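# Turn this into a model:
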Amino acid sequence: MKKNSRSKILFGSLFFAFSSMTFATPATDQSINLFFNNLNLTEMFEVYQNKNTAAYDREADQIIKQYAGHSALTTDEHLLSIKLSLLLQNFSKDFIRSPEIKTELKKIYKEKFTEEEMQAYIKFLATPEGRSIFYKSIEISGDLSEMGSNIMHKVMQTPEFEKKYSKQVTEIMQQLHELSHEN
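As a prediction, the model looks like this:
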């Protein structure tokens, strides 16, 4: 009899746990809109972008180096790289302000969060600590992106990387070249 009672309790607990996961309510448009109305998306993206200025600089350097066909920038090329970096940053700001970004972000949040999670998130962001953590998370995300980019750049410069991947990259580029000449 005890075994049967324990089985019922265990089964009931498991059923409750699984049913609450299975029947989680998707986030509503109303809660998603409330969430985004409480955030300053432009400020959020500018915080992220400001943490990533080094990434724009590196991208501009790479573009100039690739175009110039050498691995070190001259003084004049460096000045052009600075201009290109600023241009990339301005393009990014314009891109971030586009209405499509907000629409797509809302779709992503709606896919990822339940209504209950969204309501909890909205309450959390209504507190000074919640807003602080949210913006710090964005900064950390930028820092992580920059760190990953820096490490990747360093790793790609090592002889080990060159030895391991150079041949493969060359083969892929050769295949691409052949494909482009077939068409």
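# Next one: Gln62 from Met152, what distance?
According to Cβ to Cβ, to the nearest Å, Gln62 and Met152 sit 12 Å apart. In short, each C-beta sits where N, CA and C put it, glycine included.
# Then Ser98?
Counting by Cβ to Cβ - Ser98 and Met152 are separated by 28 Å.
# and if you look at Ser166?
Separation of Ser166 from Met152 (Cβ to Cβ): 16 Å.
# Check what pLDDT Ile63 gets.
Per-residue pLDDT puts Ile63 at 90.
# my guess is it meets Leu84, correct?
Yes. Applying Cβ atoms under 8 Å as the test, Ile63 and Leu84 come out as touching, 6.3 Å apart.
# Which one of the two is surrounded by more residues?
Using other Cβ atoms under 10 Å, the more surrounded residue of Ile63 and Leu84 is Leu84, with 19 against 15.
# Surely the more buried one and Lys65 touch.
No. In this structure, Leu84 is not within contact of Lys65 by Cβ under 8 Å, at 11.3 Å.
# centroid residue for the protein?
Nearest to the mean C-alpha position of the chain, by Cα atoms, centre = their mean, lies Ser141 at 7.6 Å.
# check contacts around that residue.
Tyr48 (Cβ atoms under 8 Å, 6 or more residues apart in numbering).
# Pretty sure it sits in a helix.
Yes. With DSSP: H, G, I helix; E, B strand; the rest coil as the criterion, Ser141 is located in a helix.
# start the count at 23, not 1, going forward
Fine by me, first position is 23 from now on; the one you just mentioned is Ser163.
# could you measure Thr47 against Tyr143, distance?
14 Å.
# So which of the two has more stuff around it?
Counting neighbours by other Cβ under 10 Å for Thr47 and for Tyr143 shows that Tyr143 has the greater number, 18 against 12.
# mind listing what that one touches?
Applying Cβ under 8 Å, 6+ apart, we find Tyr143 in contact with 57, 135.
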